[in-house]
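Novice: Task: produce atomic coordinates for the following.
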Amino acid sequence: QCVTKSTAFVFYLQQPTNNMAPRPHDIAAPQQTKASAAIAEETSCQASNNANGNGHHCSPTLISKCFQALPQNYGADRSKLFYRKVFLFSLALIAVAAYVQAQMSPGGLSDGRSPSNDHSAANDEDAFDTNTILGNKKKQRWRRARSLLKGIRTKLRLTKRNKKSSVGVTTTTTTKEVLGRMDKLTRNELEVLHRTKDLVKDLEAEAKGLSWGGYGNKYSCGVNCAWWGDELLASYLIIMKFPEDLKTFFPFTLCKANADCPTDFALRHTLEFRQKFQPWLVTRGMMTESEDGFLYARGTTHSRSSIVWYQPGLHDTIHEHSYKRLLVHILDRAVAESLSVSNGKVGKFYTFLDCKDFTLKKLPKFEEVKKLFRILQDHFPDRLSAMYLFNLSTPAQIFLKMAGVVLSEDVKQKIIAVPNDTEKRYELLSRLMDPKQIPVRYGGQDDFVFNPSDYFGEPTASEDEVLAYKTTMPYHA
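Specialist: Numbers count the residues shown, from 1 in each chain. The predicted model follows:
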């Protein structure tokens with residue numbers, strides 16, 4: 001208020017009007033100069049009518065008292081403070097930019113990609129355009145910076161979740177928990193199932209001879225292990241999300257380019273696989289590969305799903321094809337055993353993967369692993385109930401990130417890491433199965449010792465016989 005009054009008064013003194021009669025105080029006051037204007041800043045003119053009503057009475061006041069609380073250079077100090085903040089903020093931005101550039105350089109942290117290794121078509125076309133090259137490099141740096149920050153956020157989020165989460169059985173999944181419960185399907189889903197069934201009527205007679213686990217093995221279960229049926233159709237359609245137009249992306253590798261694969265294509269594809277690969281066959285190489293007992297199916301859960309025990313850290317791969325065939329055979333056998341104990345109702349399995357002593361060198365080449373995942377995704381639809389990871393190590397985490405490229409989202413949601421706590425691990429296992437089914441190494445009562453001859457019996461095929469599929473079905477070769 002003081003500033004407003006003094007400013008108005010100075011303006012009033014410096015701007016006299018020629019068409020007005022001089023006022024008493026104008027006559028008495030000396031001619032206004034810069035000095036008098038400065039003095040006038042300390043005076044407040046309170047306009048009021050005089051006794052005759054046609055004059056003004058000015059009473060001087062000490063306006064300068066209003067400014068004595070602040071230093072005379074207050075405005076300059078505030079400007080200095082503002083510029084100091086701008087300067088510090090600019091330094092912070094420069095430091096962040098330098099840090100990001102250092103991290104993105106070949107000598108710093110990165111997402112594994114080097115600018116020199118980027119041979120995209122866009123870079124080749126702009127090879128002689130300096131501005132384009134610089135722009136591309138900036139884009140690459142920002143992309144890598146975002147990737148690095150995203151990785152840090154993901155790591156922090158997973159760490160926080162693992163600390164807060166408790167071990168327990170998965171109660172919700174993206175798929176139906178139990179096969180064979182056709183009453184759980186909606187009317188629209190049943191309609192899609194019956195329409196798909198009409199498309200594959202010509203396969204029924206041929207498919208009935210290809211049961212889970214095959215025939216003539218120690219674990220063959222006859223009619224209960226039939227591969228063909230409404231439950232099989234439902235398991236495929238669950239993965240396909242019951243498309244009303246009967247067009248799907250599944251199998252993912254063959255149909256992901258365009259969703260125009262008919263729903264019966266996956267069934268015909270798997271029928272061909274089972275005829276040519278014959279996963280129930282046992283070779284001498286498979287028995288040799290399994291001698292250390294790193295992989296076998298044994299026991300069932302309370303829900304009548306089979307149990308697969310897998311310890312890749314115990315085993316060094318001898319022959320890649322025998323390793324792949326052994327794993328497919330074990331899972332085929334696990335489905336058969338589940339169907340046997342559930343009267344053909346369930347046909348699923350839990351996998352308990354112990355990562356103790358695991359290294360990437362113990363697995364087949366990653367190209368072979370990708371082929372194995374392709375077989376499991378194409379021909380074992382909705383058979384995995386859940387996969388629990390014990391003793392999760394850094395090499396195992398690296399492998400899971402690599403495998404995440406080829407795994408579907410539904411499968412990823414079924415993979416659960418268990419904290420390295422003996423009591424919590426036993427609590428989990430005891431909730432899923434009877435303690436008699438839990439191996440002694442995990443605190444249970446099952447002292448089973450794996451023996452290939454007792455587990456498989458005699459070989460049922462030669463190596464040449466089981467390798468014939470590489471010629472007749474090169475997609476899985």
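
Novice: for stretch 361-371, which positions count as buried?
Specialist: When burial is assessed from 16 or more other Cβ atoms under 10 Å, stretch 361-371 yields the following buried residues: Lys362, Leu363, Pro364, Val369, Lys371. Every residue, glycine included, has its C-beta placed from N, CA and C.

Novice: Out of those, which comes closest to Gln275?
Specialist: For the buried residues of stretch 361-371, the residue nearest Gln275 by Cβ to Cβ is Lys371; the value is 18.3 Å.

Novice: helices or strands up against the one helix or strand that closest one maps to?
Specialist: Element membership for Lys371, per DSSP states H and E: helix 366-379. Helices and strands touching helix 366-379, by 3 or more Cβ pairs under 8 Å, 6 or more residues apart in numbering; DSSP states H and E, are helix 252-255, helix 265-277, helix 320-341, helix 394-403.

Novice: before we move on, the earlier item: need the buried residues of stretch 361-371 in CSV with pLDDT and distance to Thr248, can you?
Specialist: Formatted as CSV, those follow (pLDDT from 0 to 100; distance: Cβ to Cβ, whole Å):
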residue, pLDDT, distance to Thr248
Lys362, 89, 36
Leu363, 87, 31
Pro364, 87, 30
Val369, 88, 25
Lys371, 89, 22
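
Novice: tell me the two of those that are most distant?
Specialist: Greatest spacing in these, by Cβ to Cβ: Lys362 and Lys371 (17.7 Å).

Novice: Could you check the pLDDT of the residue nearest to Pro395 when sequence neighbours are not counted?
Specialist: Closest residue to Pro395 apart from its sequence neighbours, by Cβ to Cβ, 6 or more residues apart in numbering: Thr359 at 5.1 Å. On pLDDT, Thr359 comes in at 90.

Novice: Can you report how many residues neighbour Thr359?
Specialist: Neighbourhood size, Thr359 [other Cβ atoms under 10 Å]: 16.

Novice: Would you map the strands across this protein?
Specialist: Ranges of strands in the chain, per DSSP state E, are 247-248, 261-262, 295-300, 306-310, 349-354, 384-390, 415-417.

Novice: With respect to Met402, which of these lies nearest?
Specialist: strand 415-417 (13.5 Å).

Novice: which parts of the closest one are buried?
Specialist: By neighbour count on 16+ other Cβ under 10 Å, the buried set for strand 415-417 is Ile415, Ala417.

Novice: do stretch 411-428 as well
Specialist: For stretch 411-428, the neighbour count (16+ other Cβ under 10 Å) marks Val411, Lys414, Ile415, Ala417, Val418, Pro419, Arg425, Tyr426, Glu427, Leu428 as buried.

Novice: The last one contacts Ala386, correct?
Specialist: No - under the criterion of Cβ atoms under 8 Å, Leu428 is not in contact with Ala386, lying 10.5 Å apart.

Novice: Just the pLDDT for the closest residue to Leu267 other than its chain neighbours.
Specialist: Distances taken as Cβ to Cβ, 6+ apart put Val200 closest to Leu267, at 5.3 Å, once the chain neighbours are dropped. Note for Val200: predicted pLDDT of 92.

Novice: my read: Val200 touches Arg268, true?
Specialist: Yes - with contact defined as Cβ under 8 Å, Val200 counts as touching Arg268 (7.3 Å).

Novice: So which of these two has more stuff around it?
Specialist: Here Val200 and Arg268 are compared on neighbour count by other Cβ under 10 Å; more neighbours surround Val200, at 19 against 15.

Novice: From Arg425, how far off is that one?
Specialist: Per Cβ to Cβ, to the nearest Å, Val200 is found 43 Å from Arg425.

Novice: In the stretch 51-200 of the chain, where is pLDDT below threshold?
Specialist: Applying pLDDT under 70 to the stretch 51-200 of the chain picks out residues 51-80, 96-183.

Novice: ok, the nearest residue to Met473 once chain neighbours are set aside - contacts?
Specialist: Once flanking residues are discounted, Met473 sits nearest to Lys276: 4.7 Å by Cβ to Cβ, 6+ apart. Residues near Lys276 by Cβ atoms under 8 Å, 6 or more residues apart in numbering: Ala468, Tyr469, Thr472, Met473.

Novice: Is it correct that the second one is in contact with Ala477?
Specialist: In this case it means Tyr469. Yes - contact criterion Cβ under 8 Å: Tyr469 and Ala477 qualify, at 7.3 Å.

Novice: of these two, who's got more company?
Specialist: Counted by other Cβ under 10 Å, Tyr469 and Ala477 do not tie: Tyr469 has more neighbours, with 19 against 11.

Novice: Got the confidence number for the more buried one?
Specialist: 90.

Novice: which residues does it contact?
Specialist: Lys276, Phe277, Gln278, His476, Ala477.

Novice: The third one: how many residues sit nearby?
Specialist: When you say that, I think you mean Gln278. Around Gln278 there are 19 residues (other Cβ under 10 Å).
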